[in-house]
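A.B. asks: turn this into a model:
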Amino acid sequence: MAVRNYRVGVLFGGRSSEHEVSLASAKNVMEALRQAGHDVVPIGITPQGRWLPQADAFALLTDAAGGAVRLDGDGKEDSGAEDSEAGGNEVEDSWGLLPHAGGGAGAGTVLPQIDVIFPVLHGPYGEDGTVQGLLEMADLPYVGSGVLGSACAMDKVMARRLFAQAELPQVAYTTLARRTWQADAGAALERVEAGLPYPLFVKPANLGSSVGISKASDRRQLAAALDLAAQFDRKLLVEAAVPHARELEVSVLGNDDPIASLPGEIVPGNEFYDYNAKYIDDNSALCIPAALDAETVARLQRYAVEAFVVLDCEGLARVDFLMNGESGELFLNEVNTMPGFTRISMYPKLWEASGISYPDLVDRLVRLALERYTDRGQNSTAH
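C.D. replies: Numbering: from 1, shown residues only. Down below sits the predicted model:
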């Protein structure tokens, strides 16, 4: 029986500080979807939150790429500047109502017929449950975790509370409200220092790509780190550093029966794997698979799947760990429900090392989204 291919709306850009990362991910996802035989409909969102028609969405990607984006079925280069048609629907100056699911673009909508949405959005207003809630209300299938899983994974404080309840290993931490820090910095510093030893890591609770994260080795650095984190979120997370830390990552794929990839290791070129190390400086190394014994690999994979399930994730996630390089002790760090998806990103590269190619990976994610949508369709809304 022939396998059906789908019209996939790829949602990218967005209002978060990870806007540029999203553009890079989306270009690769769209090309891989095309290679897997799917039709692609680009849906761009500006940093100001404006939803773009297809021609402008193509232009957003083209400007970021410095050239045309290859998306059409014949593999030709097409920036979309002269052709804003897909599925026979003329696209207006901005997106209006989202279409109803099941492939139908209802009356008054401006999106062409779409079977499933692939929201390649990183960080707030995309990976935190907000867009997922919009797609749920529009009754559209979409790739990745639902509202609850997305929100819990994005909020590092809430995630840590759930990890603790599940008795998953994690570093010692404390939390501060931005208002508390701004109202009495001296008291806040004393409380942190009374509970945790230096060095410390300070993070905004709801952000990704290591934005706003600092390492502090004394009170002066801790104050500066809290000031920085407070620029990005109202909840601040302070964690104890792991001695001789190795940064390990595992990719997870699936819905009710998720599977874990081989682990990989990041060897940062900077003191830790910050935003510059991830996206700007070319001095970090990815070791895939990581040089680990079989027992450690099995523990990482087990913890990764357990964390995925605890947070109610679906579809995909990258689970990050820290390991004490001397003792071998493992600590669960965080779960990313829409990790970077460039050709050099850890999530797809780990699956390639585990036997799943990039085009096959995005194809599986589309089909997992439709599987979940079909399952949720059994829920009655009557009373």
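A.B. asks: okay, now Ala229: neighbour count?
C.D. replies: Ala229 has 26 neighbouring residues, counting by other CB atoms under 10 Å. Using the backbone N, CA and C atoms, a C-beta is placed for each residue, glycine as well.
A.B. asks: so where does it fall, helix or strand?
C.D. replies: helix 219-230 (DSSP states H and E).
A.B. asks: surely Val40 is in contact with Leu33?
C.D. replies: Yes: here Val40 lies in contact with Leu33, judged by CB atoms under 8 Å, at a distance of 5.3 Å.
A.B. asks: quickly list what's touching both of the two.
C.D. replies: Contact criterion CB atoms under 8 Å, 6 or more residues apart in numbering; residues shared by Val40 and Leu33: 8, 10.
A.B. asks: how far away is the nearest residue to Ile45 once chain neighbours are set aside from Leu365?
C.D. replies: Once flanking residues are discounted, Ile45 sits nearest to Gly13: 4.1 Å by CB to CB, 6 or more residues apart in numbering. Distance, Gly13 to Leu365, using CB to CB, to the nearest Å: 19 Å.
A.B. asks: tell me which of the two has more neighbours.
C.D. replies: Using other CB under 10 Å as the criterion, Gly13 and Leu365 rank with Gly13 on top: 28 against 21.
A.B. asks: what strands line up against the next helix-or-strand element following the helix holding Ala229, and which way round?
C.D. replies: Following helix 219-230 in sequence order, the next helix or strand is strand 235-240 (DSSP H and E). When pairing is defined by DSSP bridges, strand 235-240 lines up against strand 173-177 (antiparallel), strand 200-204 (antiparallel).
A.B. asks: please work out which of these is packed deepest.
C.D. replies: strand 200-204 (a mean of 24; mean count of other CB atoms under 10 Å).
A.B. asks: how distant is that strand from the center of its chain?
C.D. replies: How far strand 200-204 lies from its chain's middle: 19 Å, per CA atoms, centre = their mean, to the nearest Å.
A.B. asks: contacts for whichever helix or strand comes after it, please.
C.D. replies: Heading C-terminal from strand 200-204, the first helix or strand you meet, by DSSP H and E, is strand 214-216. Strand 214-216 is contacted by residues 198-202, 221-222, 224-225, 228-229, 241, 271-272 when judged by CB under 8 Å, 6+ apart.
A.B. asks: direction included, what does strand 214-216 pair up with?
C.D. replies: strand 200-204 (antiparallel).
A.B. asks: now the strand it pairs with against helix 219-230, angle please.
C.D. replies: 20 degrees (axes from the mean of the first three to the mean of the last three CA atoms, to 10 degrees).
A.B. asks: now tell me what touches strand 200-204 from outside.
C.D. replies: 156, 192, 211-216, 222, 225-226, 228-233, 235-241, 272.
A.B. asks: what's the answer for stretch 181-192, then?
C.D. replies: 174, 176, 180, 200, 219, 222-223, 226, 230, 236, 238.
A.B. asks: now, among those, which is nearest to Ala166?
C.D. replies: Thr174 (19.8 Å; CB to CB).
A.B. asks: hmm, that closest one is touching Leu236, no?
C.D. replies: No: with contact defined as CB under 8 Å, Thr174 does not reach Leu236; the gap is 9.3 Å.
A.B. asks: could you pull out the helices in the stretch 201-350 of the chain for me?
C.D. replies: Applying DSSP state H, counting those that start in this stretch to the stretch 201-350 of the chain gives helices spanning 219-230, 275-279, 294-310, 346-353.
A.B. asks: of the contacts of strand 214-216, buried ones?
C.D. replies: 199-202, 221-222, 225, 228-229, 241 (16 or more other CB atoms under 10 Å).
A.B. asks: would CSV of the strands paired with strand 235-240 with distance to Asp312 be doable?
C.D. replies: Below are the strands paired with strand 235-240 laid out as CSV (distance: least, CB to CB, whole Å):
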stretch, distance to Asp312
strand 173-177, 22
strand 200-204, 22
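A.B. asks: and the ones you listed as a markdown table, adding mean pLDDT?
C.D. replies: A markdown table is the format used below for the strands paired with strand 235-240 (pLDDT from 0 to 100):
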| stretch | mean pLDDT |
| --- | --- |
| strand 173-177 | 97 |
| strand 200-204 | 96 |
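A.B. asks: pLDDT below threshold where in the stretch 1-150 of the chain?
C.D. replies: Within the stretch 1-150 of the chain, the stretches with pLDDT under 70 are 1-3, 64-112.
A.B. asks: mind doing that once more with 90?
C.D. replies: Residue ranges of the stretch 1-150 of the chain with pLDDT under 90: 1-4, 15-21, 52-113, 123-124.
A.B. asks: what's the separation between Leu262 and Ala245?
C.D. replies: Applying CB to CB, the value for Leu262 to Ala245 is 20 Å.
A.B. asks: nice, that's everything, thank you.
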